[in-house]
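Chemist: no FASTA, just this:
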């Protein structure tokens, strides 16, 4: 039987402990993070999450063994590649992802790092005084020269294309130009909770994305329920309110008096009475005249030129009948 170092057994035991005691287990990529920065990140996580770094083989062994009691945990094994660490916490995976994202920071490139974007030196003056640096810049292809007692870059120069490895000589010169092309931090690759593995594409969403979607779905469901008259605890009060408004409108249009329509009907009748009285002010008493004077002018009816072409006798006859009827009505109204 092959001998297994004690520290490996202890590390696997520690990994199994944090994976068992915490409901959420995540695999994070720690490539390129300097040691002191890792220690600071671990300290920042203290109290909310535990971070352990070790060999990938030991991480896979721990995942396999704990998966015997946590179904689906071994789904994280495929994420264990490169420089990885295990994070265990009781924080939900989405909050954990956001916390990991806050650890991201710009960093200098190392020789052989893959450029995440095109690395370009912009034209313009530098902070360097005239000296050997001019030759160093020119050696890596940067068009530098002395101009007015300063070292200037004559024109924009693309040093490395996106996706290409960064050569050693360029990696050395970039920090001197304050160019930090790399982003390092705890890059969460996937997280496990309640039998489900969430990869970063699922977790990388704005904090309010799902609440907004749920709110929109709830609003649409409510509108649909009201539209098809589907009674539920939330929809029934709206349906009752809608039915009441429609019944009231119908009662007013049909002049059906009941408790809530009486006041509207009286107001409507009063409005019609004023409109009628305004056409025959000579029949109004003092009180009604005061109301007519205070009332805004009635809107003018649109002129219909076609009416002029109609026989005048019939029109006059109709107006005489209408005025007599109106006068009789007013006399009956106001005594």
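Modeler: Ah, there it is. Treat the numbers as computed from the prediction; the structure is a model and nothing was measured.

Chemist: what ranges does the stretch 151-300 of the chain have for its helices?
Modeler: 168-173, 200-203, 209-227, 235-253, 262-279, 286-294 (DSSP state H, counting those that start in this stretch).

Chemist: just checking, what packs against the third one?
Modeler: What that stands for is helix 209-227. Contact here means 3 or more Cβ pairs under 8 Å, 6 or more residues apart in numbering; DSSP states H and E; on that basis helix 209-227 packs against helix 235-253. For glycine as for every other residue, the C-beta is placed from the backbone atoms N, C-alpha and C.

Chemist: swap in the fifth one?
Modeler: With contacts taken as 3+ Cβ pairs under 8 Å, 6+ apart, helix 262-279 sits against helix 235-253, helix 286-294, helix 312-334.

Chemist: angle of it against helix 286-294?
Modeler: Computed by axes from the mean of the first three to the mean of the last three Cα atoms, to 10 degrees, the angle separating helix 262-279 from helix 286-294 equals 90 degrees.

Chemist: what pLDDT, on average, does helix 262-279 get?
Modeler: In this model, helix 262-279 has a mean pLDDT of 90.

Chemist: buried residues in it?
Modeler: Using 16 or more other Cβ atoms under 10 Å as the test for burial, helix 262-279 gives 273, 277.

Chemist: switch to numbering from 28
Modeler: From this message on, residue numbering opens at 28, which makes the last subject helix 289-306.

Chemist: what's around residue 215, how many residues?
Modeler: When neighbours are defined as other Cβ atoms under 10 Å, residue 215 has 25 of them.

Chemist: ugh, typo on my part, it should be residue 173
Modeler: 13.

Chemist: now, of the helices of the stretch 178-327 of the chain, which is deepest in the fold?
Modeler: Greatest average neighbour count among those goes to helix 195-200 (a mean of 17), per mean count of other Cβ atoms under 10 Å.

Chemist: so where is the stretch 128-277 of the chain shaky, pLDDT-wise?
Modeler: Judged by pLDDT under 70, the stretch 128-277 of the chain has no weakly predicted residues.

Chemist: okay but residue 55 is in contact with residue 109, surely?
Modeler: No: if you go by Cβ atoms under 8 Å, residue 55 and residue 109 don't touch, sitting 10.8 Å apart.

Chemist: neighbour count: the two, which is higher?
Modeler: Neighbour totals were compared for residue 55 and residue 109, and residue 55 leads with 26 against 10 (other Cβ under 10 Å).

Chemist: wait, is the more buried one part of a strand?
Modeler: Yes: assigned with DSSP: H, G, I helix; E, B strand; the rest coil, residue 55 falls within a strand.

Chemist: show me what it is bridged to.
Modeler: Beta bridges link residue 55 to residue 112, residue 215, judged by DSSP bridges.

Chemist: how close does it sit to residue 183?
Modeler: From residue 55 over to residue 183 the distance is 36 Å, taken as Cβ to Cβ, to the nearest Å.

Chemist: what does residue 256 give?
Modeler: For residue 256, the distance to residue 183 equals 66 Å [Cβ to Cβ].

Chemist: also residue 252?
Modeler: 60 Å.

Chemist: give me the number of residues near the nearest residue to residue 301 once chain neighbours are set aside?
Modeler: Nearest-residue entry for residue 301: residue 322, 5.7 Å, with adjacent residues in sequence omitted and distances by Cβ to Cβ, 6 or more residues apart in numbering. The local packing of residue 322 (other Cβ under 10 Å) involves 13 other residues.

Chemist: can I assume residue 322 is in contact with residue 305?
Modeler: Yes: between residue 322 and residue 305 there is a contact at 7.2 Å, judged by Cβ under 8 Å.

Chemist: who's in contact with residue 160?
Modeler: 171, 178, 203 (Cβ atoms under 8 Å, 6 or more residues apart in numbering).

Chemist: ok, the second one to residue 151 distance?
Modeler: By that I understand residue 178. To residue 151, residue 178 is 11 Å away according to Cβ to Cβ.

Chemist: those two: which has the busier surroundings?
Modeler: More neighbours surround residue 178 than the other of residue 178 and residue 151, with 18 against 10 (other Cβ under 10 Å).

Chemist: the closest residue to the more buried one other than its chain neighbours - how many residues pack around it?
Modeler: Using Cβ to Cβ, 6+ apart and skipping residues adjacent in sequence, the residue nearest residue 178 is residue 155, 4.4 Å away. Each residue near residue 155 was counted by other Cβ under 10 Å, and the total is 18.

Chemist: tell me which helix or strand residue 155 sits in.
Modeler: Using DSSP states H and E, residue 155 falls within no helix or strand.

Chemist: got the contact list for it?
Modeler: With Cβ under 8 Å, 6+ apart, residue 155 has these contacts: 161, 177, 178.

Chemist: for the last one, what are its contacts?
Modeler: The one in question is residue 178. The contact partners of residue 178, by Cβ under 8 Å, 6+ apart, come to 152, 153, 155, 156, 157, 158, 160, 161, 164, 171, 172.

Chemist: burial measure for the second one, as a count.
Modeler: Neighbour count for residue 153, taken as other Cβ under 10 Å: 18.

Chemist: the first one too?
Modeler: Applying other Cβ under 10 Å, we find 11 other residues in the vicinity of residue 152.
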